[in-house]
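Peer 1: Structure for the following, please:
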Amino acid sequence: MNNKTRDFIEQNSHADVRQLALKGCRDKDVDFALALRQIAGLQKARQKLPSWAATDGLLYPQHLSLEQCSSEQTALYKKNLCRRLTAAAERLVDLTGGFGVDISFMSQAFKEATYVEQNEELFAVVKHNMQQLAPNVTCTCGDGVAILHQLEHVSMIYMDPARRDTHGARTYGIGDCTPNVLELRDELLQKADVVVLKLSPMLDWRKAVEDLGPQYVSEVHIVSAQNECKELLIVMRQQAEALQLYCVNDEQVWLVSASAPTTMVPSTDEPAETGTYLYEPNASIMKAGCFAEVEKAFGVKQLAPNSHLFTSNEERPQFPGRRFRITAATTMNKKELKAALADITKANISVRNFPLSAVQLRQRLKLKDGGDHYIFATTLRNGQHTLLICQRTS
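Peer 2: Below is the predicted model of the structure:
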């Protein structure tokens with residue numbers, strides 16, 4: 001990249017890339033295509049990788065690689081996970097490379113690390129960036145599986161298999177991803193103290209454990225950011241002890257329990273009457289399906305097995321999700337609705353196990369969107385359709 005291209009990027013780093021592309025650049029010394037890519041990458045990094053965006057001199061790859069890479073938030077979580085998992089943190093090997101976000105953070109928990117990527121263009125970009133971001137990372141251009149076959153024993157192997165099959169179609173099954181981790185499992189476990197796999201958040205974590213072998217899976221991490229499930233992390237060892245399930249959302253980390261996988265069923269206990277407080281689990285809890293464990297851990301009750309909302313008479317500040325105070329409850333009876341909604345002109349509406357969609361219910365209630373009121377439309381254990389009118393406490 002020449003100086004004129006660098007200057008152009010700096011001068012236009014906050015510009016609308018589409019408008020910039022239409023406008024063009026008259027200076028022939030500016031590599032215009034490269035400049036546009038770098039500006040678009042920098043703007044994406046400000047949201048997804050703020051510490052990278054604040055680092056001068058980094059290069060950004062094609063849009064897809066940046067779109068598919070981990071966020072800084074989830075990469076930091078993996079760094080802290082590495083520090084806990086590896087007592088003798090000698091060497092980390094990332095066999096599936098990508099844009100290098102994960103290894104740049106995870107490598108901070110190791111004396112040395114190796115990044116492997118077979119795409120030559122992406123490899124060159126990452127090698128340039130690692131000189132500034134993670135000097136202890138050695139970059140290797142090649143096939144990860146071939147390098148695995150030659151690898152000596154290391155502290156940790158990390159893999160994020162591509163979620164596309166051999167025909168390029170989108171896939172989520174472990175055996176359909178590239179490379180096929182199921183075929184490599186035994187060799188991976190022989191060559192590392194710990195193996196960490198990053199898988200699609202679309203996968204059923206129980207099925208993933210079963211496919212990989214329960215005797216090898218020691219931990220499952222369901223990682224969410226801003227209440228959106230981002231990734232499923234599987235920790236494997238040669239001999240796994242009792243499985244531990246972690247539900248993560250931003251700074252909130254809840255270790256369900258070592259025995260949780262045997263109690264992952266809705267409670268059959270009759271719930272108390274709708275209490276004073278209502279709780280909506282975060283995305284990781286919903287993905288885990290550990291509703292009985294939520295009841296035990298936080299002293300709350302499910303409104304009904306399929307509603308996935310909880311209630312209590314006393315507030316539970318540590319609950320992993322949103323908390324609300326219930327100000328009123330009403331059926332769909334017109335007279336009851338009129339009284340309950342008398343002073344409400346707008347509200348945030350959610351439906352759980354309810355015959356109407358949020359849009360249909362909003363039209364029925366004739367309420368605008370937004371405001372300080374929250375209405376949860378759900379079905380109680382006795383089959384009664386109920387609206388819970390709430391105000392948020394967290």
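
Peer 1: So which residue is dead centre in this protein?
Peer 2: With distances taken as C-alpha atoms, centre = their mean, the residue of the chain nearest its centroid is Lys230 (1.9 Å).

Peer 1: Parallel or antiparallel, which strands does the helix or strand containing that residue pair with?
Peer 2: Counting by DSSP states H and E, the element that carries Lys230 is strand 228-236. Strand 228-236 pairs in its sheet with strand 192-199 (antiparallel), strand 217-225 (antiparallel), by DSSP bridges.

Peer 1: how about a markdown table for these, with distance to Gly173, mean pLDDT and mean neighbour count added?
Peer 2: The way it works is simple: take the backbone N, C-alpha and C, and place the C-beta from them, glycine included. Shown next, in a markdown table, are the strands paired with strand 228-236 (distance: least, C-beta to C-beta, whole Å; pLDDT from 0 to 100; neighbours: other C-beta atoms under 10 Å):
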| stretch | distance to Gly173 | mean pLDDT | mean neighbour count |
| --- | --- | --- | --- |
| strand 192-199 | 10 | 97 | 22 |
| strand 217-225 | 16 | 97 | 23 |
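
Peer 1: Tell me how far the residue in the chain sticking out farthest from the centre lies from Cys390.
Peer 2: Ranked by distance from the centre of the chain (C-alpha atoms, centre = their mean), the top residue is Lys335, with 43.5 Å. Lys335 sits 21 Å away from Cys390, going by C-beta to C-beta, to the nearest Å.

Peer 1: Would you confirm that the residue nearest to the centre of the chain contacts Ser224?
Peer 2: Yes: using C-beta atoms under 8 Å, Lys230 makes contact with Ser224 at a distance of 6.1 Å.

Peer 1: Tell me which of the strands paired with strand 228-236 approaches Gly97 most closely.
Peer 2: When the strands paired with strand 228-236 are compared for distance to Gly97 using C-beta to C-beta, the nearest one is strand 192-199, at 12.3 Å.

Peer 1: coming back round to it: for the host helix or strand of the residue farthest from the centre of the chain, which positions count as buried?
Peer 2: In this assignment (DSSP H and E), Lys335 forms part of helix 334-340. Of the residues in helix 334-340, Ala340 count as buried by neighbour count, 16 or more other C-beta atoms under 10 Å.

Peer 1: what's the helix or strand hosting Gln363 packed up against?
Peer 2: Per DSSP H and E: Gln363 is located in helix 358-365. Packed against helix 358-365 by the contact rule (3 or more C-beta pairs under 8 Å, 6 or more residues apart in numbering; DSSP states H and E) you find strand 346-352, strand 368-379.

Peer 1: one more time with 6 Å
Peer 2: Packing partners of helix 358-365 (3 or more C-beta pairs under 6 Å, 6 or more residues apart in numbering; DSSP states H and E): strand 346-352.

Peer 1: CA atoms only for the strand it packs on - export them in CSV, please.
Peer 2: What follows is strand 346-352, C-alpha atoms only, in CSV (Å, rounded to 0.1, in the frame of the first residue of the first chain):
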residue,chain,number,x,y,z
LYS,A,346,-47.8,2.2,23.9
ALA,A,347,-45.9,-0.9,25.1
ASN,A,348,-43.2,-3.4,24.2
ILE,A,349,-45.0,-6.6,23.4
SER,A,350,-43.6,-10.2,23.5
VAL,A,351,-45.4,-13.4,23.0
ARG,A,352,-44.5,-16.8,24.5
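
Peer 1: just to revisit the earlier point, now the strand holding Lys230: buried residues?
Peer 2: Buried, per 16+ other C-beta under 10 Å, within strand 228-236: 229-236.

Peer 1: Nearest to Glu67 among the residues you listed?
Peer 2: Nearest to Glu67, judged by C-beta to C-beta, of the buried residues of strand 228-236 is Lys230 at 13.0 Å.
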